[in-house]
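Undergrad: Give me a model of this one.
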Amino acid sequence: MRTQLITPLPSLANYVSHIMVLESERLSVDTFLPLIAKGCPSIVFQLTASHLKTDHLVLYGQNIRPILLPVSASVTLIAYFLHPHTLKTLFGWSAREMTDLSADLSLSEPARGMHLQEQLLNAPSLEQRLVLMDSYLLRLISPGKLEISQPVMYATRLIQQHGGALPMMKVQQELYMTERTLQRLFEMHVGVSPKTYGRICQFDAALRQLSGNGFTDMAGVAFQHGYADQSHLIRAFRDFTGHTPLEYQKAATDFSS
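TA: Next up is the predicted model:
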């Protein structure tokens, strides 16, 4: 399994957080790759030999529950992770309508007019596929699109910087907003409430630390990331992955190997 993290073009940096490429040619059986909550919607192109029904070009909204991507044998997956506040700006939909859902982008413009899915499937190299995906994103941000919501962008960055462990009252005070106004803006542009977004950021920060230290010192990681105790961190794991930390670690190890 080969994984690359790619920095987006400067012209896309206000919309795309990062790009991940996953390639494998030796998966022996049909399996599922979990896409767990990270606080970011994503645009995913997937080329796989799976016998399971697969949409190749998909927009995933903000997800709370894990999404399972079917993969088999050889697989190439290109995921453009968007900033959390950009979904409505790029597509014109309320982000709330896409929470825990996905949409086949090959049926919508401008992907349909570009024959984007066909071009991606037929492209001879990863580099050419990335050029095609970049071209698609550049069309999405063409003049005439809605402006990015500056208050929501500021709020999501503030919550990210504090690893989700930030009282929402502090965010409201920073923006001079009522709780109701902030909630409405988050549901429209991010797809979840500020509190839920904070929980996702808190879990993601803890998961990254646990992944880096071999899932040791659970109690210390829980304390560092603002959980009341280890049991609250385990509960967050169950909520966002469907597994306990040790079950998740084993599943991740089995998939990588």
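Undergrad: Need the phi and psi values for Val44.
TA: When read as degrees, to the nearest 10, the backbone of Val44 gives phi -120, psi 130.
Undergrad: Do I have it right that it meets Leu69?
TA: Yes. Look at Val44 against Leu69 with Cβ atoms under 8 Å: they come within range, at 7.4 Å. For every residue, glycine as well, the C-beta is placed using N, CA and C.
Undergrad: and for these two, which residues touch both?
TA: Common neighbours of Val44 and Leu69 are listed as Leu35, Leu77 (criterion: Cβ atoms under 8 Å, 6 or more residues apart in numbering).
Undergrad: residue nearest the centroid of this protein?
TA: Centre of the chain computed as the mean C-alpha position; nearest residue by Cα atoms, centre = their mean is Cys40, 3.6 Å away.
Undergrad: isn't there a helix covering that residue?
TA: No. Membership of Cys40 in a helix is not supported by DSSP: H, G, I helix; E, B strand; the rest coil, which gives coil.
Undergrad: Quick check, it in contact with Thr86.
TA: No. Counting by Cβ under 8 Å, Cys40 does not reach Thr86; the two are 9.2 Å apart.
Undergrad: could you pull out the helices for the stretch 51-200 of the chain?
TA: Applying DSSP state H, counting those that start in this stretch to the stretch 51-200 of the chain gives helices spanning 87-91, 111-114, 116-122, 126-140, 150-161, 168-175, 179-189, 194-212.
Undergrad: same question for the last one, mean pLDDT?
TA: Model confidence over helix 194-212 averages 92 on the pLDDT scale.
Undergrad: Outside of it itself, list whatever touches it.
TA: By Cβ under 8 Å, 6+ apart, the residues outside helix 194-212 that reach it are 37-39, 64, 84, 155-156, 159-160, 163-166, 168, 171, 182-183, 186, 190, 192, 218, 221-222, 224-227, 233, 236-237, 239-240, 245, 249, 252.
Undergrad: swap the cut-off to 7 Å and go again
TA: 37-39, 64, 84, 155-156, 159-160, 163-166, 168, 171, 182-183, 186, 190, 221, 225-226, 233, 236, 240, 245 (Cβ atoms under 7 Å, 6 or more residues apart in numbering).
Undergrad: Kindly calculate the angle that that helix makes with helix 179-189.
TA: 60 degrees (axes from the mean of the first three to the mean of the last three Cα atoms, to 10 degrees).
Undergrad: Buried by neighbour count: which residues of helix 194-212 qualify?
TA: Within helix 194-212, the residues that count as buried by 16 or more other Cβ atoms under 10 Å are 194, 196-207, 209-210.
Undergrad: again with stretch 95-105
TA: Buried residues in stretch 95-105, counted by 16+ other Cβ under 10 Å: Ala95, Arg96, Met98, Thr99, Ser102, Ala103, Leu105.
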